[in-house]
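A.B. asks: Please find the sequence and the predicted model below.
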Amino acid sequence: MLIFVIRRVLMGLALLLVSSFVMYMLVDFTIDPLSDLRTSTDPSAPLQMEQRTEMLNLNAPPWVRYFDWLGAFVTGDFGVAWRTGRSVSDLLGSAMISTLQLVSFATVAAIVLGVAVGIVSALRQYTTFDYLITFFAFLMFSLPSFWVAVLLKQWGAIGFNDFLADPVIAIPVIIGIAVVTGFVWQLAVGGDLKRRVIHAGLAALAVALVLLYMQLTDWWLRPRLDWVLLTVTSLGIALTVTTLSTGLRNRRSLYTALSCVALGLVLYYPVRYFLFSNAWLTPYMNYGVALLLGLVAIGVGALIGWLWRGPDWKQSARTGAISAFLIAFLIFLDKVMSYWGAYMAAPAIGGRPIQTIGDRAPNLGGNFWVQVLDQYTHLILPTLSLMLISFAGYTRFSRGSMLEVMNQDYIRTARAKGINERTVVMRHGFRNSLIPLASIIPVDVIGLIGGALITERIFSRPGMGQLFIANLNADDIAPVMAYLVIIAFLAILANIIADLLYAALDPRIRVNA
C-alpha cells in the first residue's frame, strides 16, 4: 500500500510539472497584459507600456518566466494580481471557501439522494416508479445548468419571497400535495394492492398533518423544530437508520437508536437554551466548535450502542453513532432557525430571505447563528442547481450498478440460503454496487470545484470559477495559473483516492499488484 501511494504521488508530481508548463505556455499565448494600452489614446501610454513590461518581465521568453513563477510557487509564493495589487493567496482563500461550501452541500445531497433513488429504482425495475425516475433523470441530465439556475431564481427565490408576504396554503393545495406524495410513495414501496393502499394513505396523512401543523403554528414566518417536530423527526431517523443499518429485527440496535432519541429529547432544552446561549458558547461558536460537538455526539451514540451491545456490538455502535449525529444536527438546525425573525427584520434582508446573488448579505452583522443562517439562504439556490444536475447522473449510475450486482450468482446464493431481503440488498448488493461509483464520485467532486463556472456566474458567488474568469479577462496570469495548478493537483489526488476506495470496497483488488 505504501509503495503504491509513493509511486502514484511521484507520478502525479511529474504529471503536474508537465501540465503546469503546458498550461503556462497556453495562458501566456492567450492573454496580452498590454492590450488596454495598445489602443489607448493617453499620451503616456508608451511610458506605461515600458513600466508594465518591466514589472511583468515581458521581455523575457515565456519559458524563463515560467521557471521564475515555478520557483516562487513551490516555496508558497503564489504571486500578486498586478491588476488589483492583492495577494493571490488571499484571493484563493476567499474563493475556495465559497466554492467548497457550495460544492460540499451540493455533492453530499446529490450522492445521498441519487444513490438512494437509483437503488430503489433498480429494485423496482420496469415498474411505474422506475419509468418516472428514469424520465426525470434524463430530463435533468439534458437540461442546461444556466436554465435550471434561472428557473430557480424565478420560482425558488422571487416566488417564495412573495409567498412569505402572505404565507397561506389553501386546503385543496395541501390535499393535492398529500395525494401526490402518497401516490409516489406507494410506487416506491411496491407490493400487492393492500400494501400499496396502506402506505399511500399513511404517507398522505403524514404530509397533510405536517402541512396543517405548519399552517396553524405560523411556521413559515417563525420556522423552528420545536419539541413536537423534533420528536417525530427523531423517531423517523431512528427507524430509518436502524432499518438500513441492521434491520428492525435487531432489537439491540433498535433500542440503541431509540435511546439516542430519548437522550436528544431530554437534552433539547438544556442544549438549546443554556449551552448555545449568549452567555455560554455563542461568543466562542464557530464551525470548528460545531464540528467538535458533532464528533462528541457521534462518540456518545457509539457508546450507547456499545452499552446495549447485542449479537454484534459494532452494529449497535454504528447505528447509535449515525442516529446521534443526525439528532444533534436537528438541534443545531433548530437553534439556527430560532434567529429567523431577527434575520428577516434586518435592513440588509428586507423581509426577502432567499437570496439570488452573492454568498452573504453585505453589512448584515449579527452573531454566529445569524451568519450561518445568512450563508445557508445564499446556498439554497446554487446548491439545488448543482444538485439536480448531479442527482440525475448518480441516479443512473447507481441504478445500472445495482442491477448488475443483483443479477450475480452470489446474490442468488444468498437468497437461496434464506437470508432476508434487507440483508441481501444492503450487505451483499449495496456495498458491491458502490465499486463503480468509487471511480466517479472523487473525480466528479473535483470537476464541480473547478467547473461550477456557470452556476457561480449566474448567482454571482465569488468562488473559484469567478476568480478564473475575472482574472483571465483581466490578462492576469498569476491567479489563473494558481487556479489551474490547484485544480490539476486535486484531479490527480482524486484519482489516487478512487484507487484506494476501490481496494477498500473490493477485497479482490490489490493496489500493489
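C.D. replies: Noted; the coordinates are in hand.
A.B. asks: low-scoring pLDDT stretches of the stretch 351-500 of the chain, where are they?
C.D. replies: 447-451 (pLDDT under 70).
A.B. asks: brain fart, the chain
C.D. replies: Ranges of the chain meeting pLDDT under 70: 1, 278-279, 447-451, 505-513.
A.B. asks: Quickly list the domain ranges of it.
C.D. replies: The chain breaks down by automatic domain parsing into domains covering 2-89+459-505, 91-447.
A.B. asks: Output the ones you listed in JSON lines, with distance to residue 453 and mean neighbour count appended to each entry.
C.D. replies: Where C-beta positions appear, they are placed from N, C-alpha and C, glycine not excepted. Below are the domains of the chain laid out as JSON lines (distance: least, Cβ to Cβ, whole Å; neighbours: other Cβ atoms under 10 Å):
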{"stretch": "domain 2-89+459-505", "distance to residue 453": "4", "mean neighbour count": "16"}
{"stretch": "domain 91-447", "distance to residue 453": "10", "mean neighbour count": "17"}
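A.B. asks: Relative to residue 273, how far out is the residue nearest the centre of the chain?
C.D. replies: Most central residue of the chain, judged by C-alpha distance to the mean C-alpha position with Cα atoms, centre = their mean, is residue 105 at 2.2 Å. Distance, residue 105 to residue 273, using Cβ to Cβ, to the nearest Å: 28 Å.
A.B. asks: any idea which element residue 456 lies in?
C.D. replies: Residue 456 is part of helix 453-458, with elements assigned from DSSP states H and E.
A.B. asks: now what about that helix, what contacts it?
C.D. replies: Residues from elsewhere that reach helix 453-458, judged by Cβ atoms under 8 Å, 6 or more residues apart in numbering: 99, 102, 145-146, 149-150, 153, 382, 385-386, 461-466, 468-469.
A.B. asks: Can you show me the CA trace of the helix or strand that contains residue 132 as PDB?
C.D. replies: Using DSSP H and E, the element containing residue 132 is helix 128-142. Extracted in PDB, the C-alpha atoms of helix 128-142 (Å, rounded to 0.1, in the frame of the first residue of the first chain):
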ATOM      1  CA  THR A 128     -44.100   2.800 -13.000                       C
ATOM      2  CA  PHE A 129     -41.700   4.300 -10.400                       C
ATOM      3  CA  ASP A 130     -38.700   3.100 -12.400                       C
ATOM      4  CA  TYR A 131     -40.000   4.700 -15.500                       C
ATOM      5  CA  LEU A 132     -40.800   8.000 -13.700                       C
ATOM      6  CA  ILE A 133     -37.300   8.200 -12.200                       C
ATOM      7  CA  THR A 134     -35.700   7.300 -15.500                       C
ATOM      8  CA  PHE A 135     -37.700  10.100 -17.200                       C
ATOM      9  CA  PHE A 136     -36.900  12.600 -14.600                       C
ATOM     10  CA  ALA A 137     -33.200  11.700 -14.500                       C
ATOM     11  CA  PHE A 138     -32.800  12.000 -18.300                       C
ATOM     12  CA  LEU A 139     -34.800  15.300 -18.200                       C
ATOM     13  CA  MET A 140     -32.500  16.900 -15.600                       C
ATOM     14  CA  PHE A 141     -29.400  15.400 -17.300                       C
ATOM     15  CA  SER A 142     -30.300  17.100 -20.600                       C
END
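A.B. asks: So which elements touch it?
C.D. replies: If contacts are counted by 3 or more Cβ pairs under 8 Å, 6 or more residues apart in numbering; DSSP states H and E, helix 128-142 sits against helix 88-123, helix 171-189, helix 368-406.
A.B. asks: okay, these in JSON lines with distance to residue 40 next?
C.D. replies: Below are the helices and strands packed on helix 128-142 laid out as JSON lines (distance: least, Cβ to Cβ, whole Å):
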{"stretch": "helix 88-123", "distance to residue 40": "26"}
{"stretch": "helix 171-189", "distance to residue 40": "61"}
{"stretch": "helix 368-406", "distance to residue 40": "38"}
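A.B. asks: Quick check: which of those is nearest to residue 356?
C.D. replies: Closest to residue 356 of the helices and strands packed on helix 128-142 is helix 368-406 (Cβ to Cβ; 6.5 Å).
A.B. asks: after that closest one, next one along is what?
C.D. replies: Assigned by DSSP H and E, the successor of helix 368-406 is helix 409-416.
A.B. asks: Need the CA coordinates for that next one. CSV is fine.
C.D. replies: This file holds the C-alpha atoms of helix 409-416, laid out as CSV (Å, rounded to 0.1, in the frame of the first residue of the first chain):
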residue,chain,number,x,y,z
ASP,A,409,-24.6,-15.6,-8.7
TYR,A,410,-23.7,-14.8,-5.1
ILE,A,411,-27.0,-12.8,-4.8
ARG,A,412,-29.0,-15.8,-5.9
THR,A,413,-27.0,-18.0,-3.5
ALA,A,414,-27.7,-15.6,-0.6
ARG,A,415,-31.4,-15.7,-1.3
ALA,A,416,-31.3,-19.5,-1.6
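A.B. asks: how distant is stretch 26-40 from the center of its chain?
C.D. replies: Chain-centre distance of stretch 26-40: 38 Å, with Cα atoms, centre = their mean, to the nearest Å.
A.B. asks: So what touches that stretch?
C.D. replies: Contacts with stretch 26-40, where a contact means Cβ under 8 Å, 6+ apart, come from 45, 48-49, 52-53, 56, 58, 62, 65-66, 82, 472, 475-477, 480-481, 484.
A.B. asks: go on, stretch 204-218?
C.D. replies: Residues beyond stretch 204-218 that count as contacts (Cβ under 8 Å, 6+ apart) turn out to be 167-169, 174-175, 177-179, 181-182, 219-220, 228-229.
A.B. asks: Check stretch 91-98 too.
C.D. replies: Contacts for stretch 91-98 (Cβ under 8 Å, 6+ apart): 78, 81, 359, 461-464, 466-467, 479, 482-483, 486.
A.B. asks: again, but for stretch 101-120
C.D. replies: By Cβ under 8 Å, 6+ apart, stretch 101-120 touches 129, 133, 188, 359, 375, 379, 382-383, 386-387, 390-399, 402, 425, 430, 433-434, 437, 441, 444-445, 448-449, 452, 455-456, 461, 463.
A.B. asks: ok, now with 6 Å
C.D. replies: 133, 188, 379, 382-383, 386-387, 390-391, 394-395, 398-399, 402, 445, 448-449 (Cβ atoms under 6 Å, 6 or more residues apart in numbering).
A.B. asks: returning to what we had before: taking the contacts of stretch 91-98 one by one, which sit in helices?
C.D. replies: Within these, residues falling in helices by DSSP state H are 464, 466-467, 479, 482-483, 486.
A.B. asks: Adding distance to residue 89, write the residues you listed out as CSV.
C.D. replies: Shown next, in CSV, are the ones in helices among the contacts of stretch 91-98 (distance: Cβ to Cβ, whole Å):
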residue, distance to residue 89
464, 14
466, 17
467, 12
479, 10
482, 8
483, 12
486, 11
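A.B. asks: Give me the angle between the helix holding residue 132 and helix 88-123.
C.D. replies: 150 degrees (axes from the mean of the first three to the mean of the last three Cα atoms, to 10 degrees).
A.B. asks: Off-centre distance for helix 128-142?
C.D. replies: Counting by Cα atoms, centre = their mean, helix 128-142 is centred 22 Å from the centre of its parent chain.
A.B. asks: Residues in contact with the next helix or strand after that helix: which ones?
C.D. replies: Following helix 128-142 in sequence order, the next helix or strand is helix 145-151 (DSSP H and E). With contacts defined as Cβ under 6 Å, 6+ apart, helix 145-151 is touched by 385, 388-389, 454-455, 458.
A.B. asks: Any idea how far the next helix or strand after helix 145-151 is from the middle of the chain?
C.D. replies: Downstream of helix 145-151, the next assigned helix or strand under DSSP H and E is helix 159-163. Relative to the centre of its chain, helix 159-163 is centred 25 Å away, using Cα atoms, centre = their mean.
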